[in-house]
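> no sequence for this one, just the structure:
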């Protein structure tokens, strides 16, 4: 990106005679977004928080707002603890997988030029435009016993007998990895593309080997992309609902499925709310760690 | 073709592209596979397409999805443009407030947002249905649109709009003749992005549709869970074709407009009111 100081300077200097009217009438432009966010984001989340401390009358299905921690205590049951741990591990595993697979691809893309680069970028995006549900469903076909993946592995003598992967955590992991890979590649590409090739040339001129130049120059400079990619993959993957319902076959459930079940099958809204609030806490923790990593990276670069 | 790279990295990239397209190839093949259990190749057929096209429920759900996508996309982009224009001249702390809410709307897991809106709507005795789905989609879609439009706005010099103002154009005219044409590519990207997010969404649509409205992805998920249903592949291929054609048209329009736009931008806007 080119940092052009001119527009910023003129924007600051011309605040008085902005083309966008003056004073309060201009403030109206902010109203729709803040109004929508307040009404349909902040308010619902506040009610969710209230519900999570409430109690459901199982006969009348009314919700009483006592300040009880029972819903959160219920989380201690091994079923829920297992699900939370499994979701976090699957999400971390998929994020790591995306990073390892996505980095070389993003690196290759960043070294291309012009039309080829554009075509490859579109190539990364196109899978997004096929129905997410049906793409995930295709993996059922690919992974089933006697399916194409098993045949290829047999032909390469990498495995014998049945694959037995479908409806297991591995299948869910593959599904998440597959679906979120483009979300890792794109931010990595942006950060790698921005690196001045002169820096790696300088490193090799000063005697660094290709690998060393990569490790000491390219990799540290691409860290903002790494962290952005990890956030874009890790956060939605933790709350994933569709992939485990298709590839987990009702056995490998994730956090999102347990929350949905509370609303659609059990009908215990306060407990569902407590589950949802806990997920928010888990994700916030993840974000705080990622962001502190990001600020440390930005200090260095 | 791939330049200046260790051959291992290039080969790996090719493998990853195979990985990315493998399921799509499976979907396309199975959409014309006559074997109804989809375990092996049973010959070529177009009956799944016929079945999908003649299914009343599939048609209704497709129209519902399209309505939701168009409505949520237009609302999202409109409020995102307004907010981005406001943010450009806003004070630092209010701009930060916008950035923070935008970021939060993007990173909050969708299940949490959907459950929160579900309880909110039930509590206030509003109805679940198309309107509720649109409300939910706008919450995250407007955030994505804001990111896209702010990114474009950051690269545009404000001097063109100032010049128009100095020449006596009203704010509305400045927007019509200067700002909007300059923002058009970003608006197009934001519209396409939000359309496809909305059209493909499952979780919010599932929670907020209730029994009144069902979108296509929700129907597909339901069909898949019950049994092997080959027509879902035909539906997916159909939707993919519609999407690709829309995007191709948009790309053509953007190139044509872009090549005209480059020449017309420096012209002084018409100052007469």
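Thanks, I have it. None of these values were measured; they are calculated from a predicted model.

> residue contacts, the closest residue to chain B within chain A?
Proximity of chain A to chain B (CB to the nearest CB) peaks at residue A:239, 2.8 Å away. Just so you know, the C-beta spots here come from the backbone N, C-alpha and C atoms, and that holds for glycine as well. Counting by CB atoms under 8 Å, 6 or more residues apart in numbering or on different chains, residue A:239 touches A:255-256, A:279, A:283, B:109-112.

> let's see it at 6 Å
With contacts defined as CB atoms under 6 Å, 6 or more residues apart in numbering or on different chains, the neighbours of residue A:239 are A:256, B:109, B:111.

> number of nearby residues for the last one?
It refers to residue B:111. Neighbours of residue B:111 under the rule other CB atoms under 10 Å in any protein chain shown: 30.

> In terms of secondary structure, what does the helix or strand it falls within contact?
Assigned by DSSP states H and E, residue B:111 falls within helix B:110-123. On a contact count with 3 or more CB pairs under 6 Å, 6 or more residues apart in numbering or on different chains; DSSP states H and E, helix B:110-123 meets helix A:43-52, helix A:269-300, helix B:203-209.

> Can you flag the weakest of those by average pLDDT?
The weakest mean pLDDT among the helices and strands packed on helix B:110-123 belongs to helix A:269-300, with a mean of 85.

> which residue sits closest to the closest residue to chain A within chain B in space, ignoring its chain neighbours?
Nearest residue of chain B to chain A (CB to the nearest CB) works out as residue B:109 at 2.8 Å. Distance criterion CB to CB, 6 or more residues apart in numbering or on different chains; nearest residue to residue B:109, sequence neighbours excluded, is residue A:239 at 2.8 Å.

> from the helices and strands packed on helix B:110-123, which stretch is densest packed?
Across the helices and strands packed on helix B:110-123, averaging neighbours per residue (mean count of other CB atoms under 10 Å in any protein chain shown) puts helix B:203-209 on top, at a mean of 26.

> Does the next helix or strand after it reach chain A?
As assigned by DSSP H and E, the chain's next helix or strand after helix B:203-209 is helix B:216-226. Yes: Helix B:216-226 reaches chain A (CB under 6 Å from any CB of the partner chain) through B:217, B:220-221, B:224.

> about what we covered before: could you check the pLDDT of the residue of chain A closest to chain B?
89.

> And for residue B:144?
94.

> quick one: contacts for it?
residue B:193.

> returning to what we had before: okay if I get the residues of helix B:216-226 next to chain A as TSV plus pLDDT?
Shown next, in TSV, are the residues of helix B:216-226 next to chain A (pLDDT from 0 to 100):
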residue	pLDDT
B:217	93
B:220	92
B:221	92
B:224	88
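
> What parts of the stretch 101-250 of chain B come near chain A?
B:101, B:107, B:109, B:111-112, B:115-117, B:119-120, B:135, B:139, B:157-159, B:161-162, B:165, B:171, B:174, B:200, B:202-203, B:217, B:220-221, B:224, B:232, B:236, B:239-240, B:243.

> Is there a quick ChimeraX command that grabs whichever of those residues are buried?
Command for ChimeraX, covering only those of those found buried under the criterion 16 or more other CB atoms under 10 Å in any protein chain shown:
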select /B:101,107,109,111,112,115,116,117,119,120,135,139,158,161,162,165,171,174,200,202,203,217,220,221,224,232,236,239,240,243
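
> just to revisit the earlier point, tell me how far the residue of chain A closest to chain B lies from residue A:87.
Per CB to CB, to the nearest Å, residue A:239 is found 8 Å from residue A:87.

> Where does pLDDT dip in chain B?
Counting by pLDDT under 70, chain B has low-confidence residues at B:1-5, B:257-273.

> The stretch 101-250 of chain A too?
Answering for the stretch 101-250 of chain A: no residues sit below the bar, that is pLDDT under 70.

> just checking, what packs against the helix or strand residue B:194 falls within?
Taking DSSP H and E as the criterion, residue B:194 maps to helix B:180-200. Helices and strands touching helix B:180-200, by 3+ CB pairs under 6 Å, 6+ apart, are helix B:56-89, helix B:130-155, helix B:231-264.

> Can you say which of those helices is packed in most?
helix B:130-155 (a mean of 22).

> Show me what the helix or strand that that helix is followed by is packed up against.
Heading C-terminal from helix B:130-155, the first helix or strand you meet, by DSSP H and E, is helix B:159-166. Judged by 3+ CB pairs under 6 Å, 6+ apart, helix B:159-166 is in contact with helix B:171-174.

> which strands and helices sit next to the helix it packs on?
helix B:159-166.

> ok, residue A:131 touching residue B:236?
Yes: between residue A:131 and residue B:236 a contact is recorded at 4.3 Å, counting by CB atoms under 6 Å.

> near chain B, anything from stretch A:89-108?
Yes: contact of stretch A:89-108 with chain B (CB under 6 Å from any CB) involves A:101, A:104-105, A:108.

> need those in JSON lines with neighbour count and secondary structure, can you?
Putting the residues of stretch A:89-108 next to chain B into JSON lines (neighbours: other CB atoms under 10 Å in any protein chain shown; DSSP: H, G, I helix; E, B strand; the rest coil) gives the following:
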{"residue": "A:101", "neighbour count": "20", "secondary structure": "helix"}
{"residue": "A:104", "neighbour count": "21", "secondary structure": "helix"}
{"residue": "A:105", "neighbour count": "26", "secondary structure": "helix"}
{"residue": "A:108", "neighbour count": "24", "secondary structure": "helix"}
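
> Name the nearest of those residues relative to residue A:140.
Nearest to residue A:140, judged by CB to CB, of these is residue A:101 at 21.4 Å.

> Tell me who's in contact with that closest one.
Residue A:101 touches residue B:16, counting by CB under 6 Å, 6+ apart.

> how about the helices of the stretch 51-200 of chain A, start to end?
A:70-74, A:78-111, A:114-125, A:132-143, A:148-155, A:169-194, A:197-205 (DSSP state H, counting those that start in this stretch).

> in the shortest one, what counts as buried?
For helix A:70-74, the buried set under the neighbour-count rule, 16+ other CB under 10 Å, comprises residue A:71.

> Got the phi and psi for the residue of chain A closest to chain B?
phi -100, psi 10 (degrees, to the nearest 10).

> and if you look at the one 10 residues further on?
Note on residue A:249: backbone dihedrals following degrees, to the nearest 10 are phi 60, psi 30.

> Quick check: chain neighbours aside, which residue is closest to it?
Per CB to CB, 6+ apart, closest to residue A:249 is residue A:167, 3.2 Å.

> Would you mind confirming that the one you found is in contact with residue A:250?
No: taking contacts as CB under 6 Å, residue A:167 lies outside contact range of residue A:250: 7.8 Å.

> related to what we said a few turns ago, how many residues are close by the residue nearest to residue A:249?
Residue A:167: 18 neighbours (other CB under 10 Å).

> Please apply the same query to residue A:115.
So residue A:115, with other CB under 10 Å, has 8 neighbours.

> cool, and residue A:77?
10.

> ok, now residue B:35?
14.

> Over to residue A:162?
Neighbours of residue A:162 (other CB under 10 Å): 10.
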